[in-house]
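[1] Sequence and computational prediction follow.
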Amino acid sequence: MGVNAQARVDLDRFWDTIQTSARIGVGRPGGLARLTLTDEDRQMRDQFVNWCKQAKLEVEVDELGSIFACRPGREPDLPPVLVGSHLDTQINGGRYDGIAGVLAGLELCRTLDELDQQTKRSIVVVNWTNEEGARFSPPMAASGGFVGRYERDWIYGLADDEGKTFGDELERIGYRGTRKATGHAVDAYFELHIEQGPLLHAENKQVGIVCGGYPSHGMRVGFAGQTAHTGPTPMDLRHNALVAAARWATAVDDIGWDFAVHDGKATAARLVAWPNKAGILSETSEAVCDVRHPDAITARVMAEKMRRAAFEAGARAGCEVTIHDEWQWGGDIFDDTLVDSLRKQAQRLDYDWRDIQSQAGHDAYFLAMKYPTAMVFTPCKNGITHNNHEHCEPHDFEPGLNILLHAVVERADR
Ligand SMILES: [Zn+2]
């Protein structure tokens, strides 16, 4: 059996679906603001489910709202091959990000339909809920739930800035499904994603085979102080939570500079304070920071410095420190056999490719904790991403799509 070695995806059809997605949840010019579990997210999910049904895929939604669209294999009881990514975006997101990966899975199924090919194992296209973490922290929440890293009810309780919870919003948009969140048999997981970095574009490579991810550690820290008047309160009696978080944010940034020479990076991504008004010291604040480095031990050292910096910042500002969440991912996590199968297809199809390390977090990181997993990166102009100027051309996707097609089919026929 197996798909004809000459088979290719329909690039125009893929591009059309991308363009339709680009009209849902429009943000700044050229970009998207399709935050998870909003009305715009629902609209995109509805569109995706429609496409899947037109392609005769069997659609299921799990308890965390992730969508599974199954193309049954000849032996549907075997663990399936999953292909997916995410349809949600950042508040100033681009049109391609994870979207390309979900729609790549759909295009692959459409191509197999046209070729009238049935694989041995089922192929399941997945849209993971809340990959971005832009509305509900932490990111990759639903894929984390899928592998049992996070509890379903803990995810339901995550709140956005307005106090709305993940569980309520999931219910509201009608995507709280009944399929169990975790405990599924999976043969392999493939994810295509834009690189979100400048390497492929700079080196004129058509595609990247991802062999691992930068080890990354993050934490969400709360600081507790006291409100007081900004005028008369003596400096030594202040407990300004805003200052504690700000000190931590700049300390973490300094850690990034200290390790930058070997491509270490540290990010202060978010800082909120209450009441955050003129005339009053802040009672509480919260900040989210992370560090990453190509070397796992160095990444751990950076993480330890980040943690210590939080307590030092709290002490300097006279505030109590609570670490609310901590997470880590990355490392040498992908499956050698799958990575090799992608390399082999890249070679056979004669694309100009390179091995590459992921620096961003992806749902694939969580899937890799439990199942054989691999990723393909496609180029994006100058590596600009999480920005409305994120830009790709159709030809940027062609190699990645065809490599994915053949690697997935090969695996599904196993
Ligand atoms: Zn993404």
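    Received, thanks.
[2] how many neighbours does N50 have?
    11 (other CB atoms under 10 Å). Bear in mind the C-beta positions are built from the backbone N, C-alpha and C, glycine included.
[3] what sits against it?
    By CB atoms under 8 Å, 6 or more residues apart in numbering, N50 lies in contact with nothing.
[4] Where does it sit: helix, strand or coil?
    Taking DSSP: H, G, I helix; E, B strand; the rest coil as the rule, one finds N50 in the helix state.
[5] can you tell me how far it sits from K56?
    According to CB to CB, to the nearest Å, N50 and K56 sit 12 Å apart.
[6] so what sits against both of these two?
    Counting by CB under 8 Å, 6+ apart, N50 and K56 have no shared contacts at all.
[7] who's in contact with the closest residue to the ion within the chain?
    Per CB to the ion, G98 is where the chain lies closest to the ion, at 3.6 Å. Each residue near G98 by CB under 8 Å, 6+ apart is listed here: 85-88, 128, 131, 193, 362-363.
[8] For those residues, give me JSON lines that also has distance to G25, pLDDT and secondary structure.
    Shown next, in JSON lines, are these (distance: CB to CB, whole Å; pLDDT from 0 to 100; DSSP: H, G, I helix; E, B strand; the rest coil):
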{"residue": "S85", "distance to G25": "16", "pLDDT": "98", "secondary structure": "strand"}
{"residue": "H86", "distance to G25": "13", "pLDDT": "98", "secondary structure": "coil"}
{"residue": "L87", "distance to G25": "9", "pLDDT": "98", "secondary structure": "coil"}
{"residue": "D88", "distance to G25": "9", "pLDDT": "98", "secondary structure": "coil"}
{"residue": "W128", "distance to G25": "17", "pLDDT": "98", "secondary structure": "coil"}
{"residue": "E131", "distance to G25": "15", "pLDDT": "97", "secondary structure": "coil"}
{"residue": "H193", "distance to G25": "19", "pLDDT": "98", "secondary structure": "strand"}
{"residue": "H362", "distance to G25": "21", "pLDDT": "96", "secondary structure": "coil"}
{"residue": "D363", "distance to G25": "19", "pLDDT": "97", "secondary structure": "helix"}
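[9] Show me the strands in this protein, by range?
    Using DSSP state E, the strands of the chain run over 58-61, 67-71, 81-85, 123-127, 188-194, 207-224, 265-274, 284-292, 320-331, 353-358, 373-378.
[10] Centre of the chain to the longest one, how far?
    It refers to strand 207-224. Distance of strand 207-224 from the chain centroid (CA atoms, centre = their mean, to the nearest Å) equals 10 Å.
[11] same thing with the third one?
    Taking the mean of its C-alpha atoms, strand 81-85 sits 13 Å from the chain's own mean (CA atoms, centre = their mean).
[12] How about that strand and the ion, touching?
    No. Strand 81-85 is not in contact with the ion by CB under 5 Å from the ion; minimum separation 6.5 Å.
[13] swap in the fifth one?
    No. With CB under 5 Å from the ion as the criterion, the ion is not reached by strand 188-194; the gap is at least 5.8 Å.
[14] That strand relative to strand 353-358, how many degrees between them?
    Counting by axes from the mean of the first three to the mean of the last three CA atoms, to 10 degrees, strand 188-194 lies at 90 degrees to strand 353-358.
[15] Send me strand 188-194 as CSV with only the CA atoms.
    Only the C-alpha atoms of strand 188-194 are listed here, as CSV (Å, rounded to 0.1, in the frame of the first residue of the first chain):
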residue,chain,number,x,y,z
ALA,A,188,2.9,9.1,17.1
TYR,A,189,2.5,12.9,17.1
PHE,A,190,3.7,15.2,14.3
GLU,A,191,3.5,19.0,14.4
LEU,A,192,4.3,21.4,11.7
HIS,A,193,4.9,25.0,12.9
ILE,A,194,6.5,28.1,11.5
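[16] Just checking: what are the partner strands of it?
    In the sheet, strand 188-194 lines up against strand 81-85 (parallel), strand 373-378 (parallel) (DSSP bridges).
[17] Show me how far that strand is from its chain's centre.
    From the chain centre to the centre of strand 188-194 is a distance of 11 Å (CA atoms, centre = their mean).
[18] Pull the residues that contact that strand.
    For strand 188-194, contacts defined as CB under 8 Å, 6+ apart pick out 81-85, 94, 96-98, 100-101, 104, 335, 338, 362-364, 367-368, 371-380, 385, 390, 392, 396, 400-401, 404, 407-408, 411.
[19] are any of those residues buried, and which?
    81-85, 94, 96-98, 100-101, 104, 338, 362-364, 367-368, 371-380, 385, 390, 392, 396, 400-401, 404, 407-408, 411 (16 or more other CB atoms under 10 Å).
[20] Can I get the strands of the chain in JSON lines including distance to R152?
    Shown next, in JSON lines, are the strands of the chain (distance: least, CB to CB, whole Å):
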{"stretch": "strand 58-61", "distance to R152": "14"}
{"stretch": "strand 67-71", "distance to R152": "16"}
{"stretch": "strand 81-85", "distance to R152": "19"}
{"stretch": "strand 123-127", "distance to R152": "17"}
{"stretch": "strand 188-194", "distance to R152": "20"}
{"stretch": "strand 207-224", "distance to R152": "20"}
{"stretch": "strand 265-274", "distance to R152": "25"}
{"stretch": "strand 284-292", "distance to R152": "23"}
{"stretch": "strand 320-331", "distance to R152": "17"}
{"stretch": "strand 353-358", "distance to R152": "27"}
{"stretch": "strand 373-378", "distance to R152": "22"}
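[21] Pick out the shakiest of these, pLDDT-wise.
    In terms of average pLDDT, strand 320-331 trails the rest of the strands of the chain, at a mean of 92.
[22] That strand packs against which elements?
    Strand 320-331 sits against strand 207-224, helix 296-316, helix 363-367, with contacts defined as 3 or more CB pairs under 8 Å, 6 or more residues apart in numbering; DSSP states H and E.
[23] and the angle for the first one with strand 265-274?
    Computed by the same axes, to 10 degrees, the angle separating strand 207-224 from strand 265-274 equals 40 degrees.
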